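J.: Next input, structure requested:
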Amino acid sequence: MVALNAKRREAVFRAIADPTRREILALLRARAYTVNEIAGNFRTSRPAISKHLRLLRAVGLVESKREGTTRICRLNAAPLQVVDVWLQDYQQFWRDSLRSLKRYVEDV
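T.: Numbering: from 1, shown residues only. Okay, here's the model as predicted:
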């Protein structure tokens, strides 16, 4: 179970490591888009955008459905929860560091 969760987490992190994929996710936060509409926002080719979308679908960050000859893409943010869980340890680290800094400044 732990190994499976680690693999999922790593897949999500790999998916969001690319700036183009992060921009695709940002677009999809606002509404659903067709693949052509998404591709129209980038200078890269439509096949390159399709490849990014396939990877995002594979990790579950994008859901798509066919409507006639078009594919409608929607954001599924649920897999991003693994990022939030990972960041929680660092948030605690910074809270503790800021508390220590506050105490130090108040004592000086």
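
J.: Report all helices and strands that the longest helix anywhere in the chain contacts.
T.: Longest helix of the chain, by residue count under DSSP state H: helix 81-107. With contacts taken as 3 or more CB pairs under 8 Å, 6 or more residues apart in numbering; DSSP states H and E, helix 81-107 sits against helix 2-17. Where you see a C-beta, it was placed from the backbone N, CA and C, and this is true even at glycine.

J.: which residues are contacting the helix it packs on?
T.: For helix 2-17, the external contacting residues (CB atoms under 8 Å, 6 or more residues apart in numbering) are 21-22, 25, 55-56, 58-59, 61, 79-80, 82-83, 86.

J.: show me where pLDDT drops low in this structure?
T.: By pLDDT under 70, the low-scoring segments of the chain are 1-4.

J.: Work out which residue lies at the spatial centre of it.
T.: What sits nearest the mean C-alpha location of the chain, by CA atoms, centre = their mean, is Ile16, with 4.6 Å.

J.: just checking, Gly60 touches Ala78?
T.: Yes: using CB atoms under 8 Å, Gly60 is in contact with Ala78, at 7.1 Å.

J.: And those two? Which one has more around it.
T.: Between Gly60 and Ala78, counted using other CB atoms under 10 Å, the more crowded position is Gly60 (16 against 9).

J.: Which of the helices or strands spans that one?
T.: Using DSSP states H and E, Gly60 maps to neither a helix nor a strand.
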